[in-house]
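J.: all I have is the shape, not the residue letters:
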């Protein structure tokens, strides 16, 4: 089948010149123009990336903490979307799930700084109390 210029894109329904369309390997012209085809592929890639991210996040939450994404969202909403310790979430990232390393019990959601801070103190209340005393100048 031979096409003549101009062609109408089936996606945006605009008439365009033949150079605005890709050709199939069989010699036929694509029915969707190059810009629409690019946008369509980008939307597909973004949707696929979001799906994979969501799938991986769900799997990670379950594998590591035995909670669902809905459990996470419930905790997030209960905490007002902020860290359970410092009360901030300036970068609007997902908060880390804090848990007891001995029992595996989930305690709450923390920002990266607070979560790593607890980890640096090895989840030890005694070390944290000593740190507070040090900061207040009461170290003996």
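T.: Received the coordinates, thanks. Note that the structure is predicted; figures quoted are calculated from it, not measured.

J.: hey, let's count contacts and neighbours off CA atoms from now on
T.: OK.

J.: what's the burial count for the residue lying closest to residue 105 once chain neighbours are set aside?
T.: Excluding its sequence neighbours, the residue lying closest to residue 105 (Cα to Cα, 6 or more residues apart in numbering) is residue 99, at 5.4 Å. Other residues near residue 99 number 17, with proximity taken as other Cα atoms under 10 Å.

J.: over to residue 99: give its phi and psi.
T.: Torsion angles at residue 99 (phi, psi; degrees, to the nearest 10) stand at phi -150, psi 160.

J.: next, the contact list for it, please.
T.: Counting by Cα atoms under 8 Å, 6 or more residues apart in numbering, residue 99 touches 65, 105-108.

J.: again, only using 7 Å
T.: Residues near residue 99 by Cα atoms under 7 Å, 6 or more residues apart in numbering: 105-107.

J.: my guess is residue 18 contacts residue 8, does it?
T.: No - contact between residue 18 and residue 8 fails when scored by Cα atoms under 7 Å: they sit 9.5 Å apart.

J.: on that earlier part again, so of the contacts of residue 99, which ones are in strands?
T.: 106-107 (DSSP state E).

J.: please, where are all the helices along the protein?
T.: With DSSP state H, the ranges of helices along the chain come out as 34-65, 69-78, 112-120, 125-136.

J.: those helices: which one's closest to residue 95?
T.: With Cα to Cα as the criterion, residue 95 lies closest to helix 112-120 of the helices of the chain, at 7.1 Å.

J.: in this structure, where is pLDDT below threshold?
T.: Along the chain, the parts satisfying pLDDT under 70 run over 1-4, 138-140.

J.: closest to the centroid, which residue in it?
T.: Against the mean C-alpha coordinate of the chain, by Cα atoms, centre = their mean, the closest residue is residue 53 at 6.1 Å.

J.: and that residue, how far is that from residue 44?
T.: 14 Å (Cα to Cα, to the nearest Å).

J.: do residue 9 as well
T.: 19 Å.

J.: more crowded one of these two?
T.: residue 9 (19 against 12).
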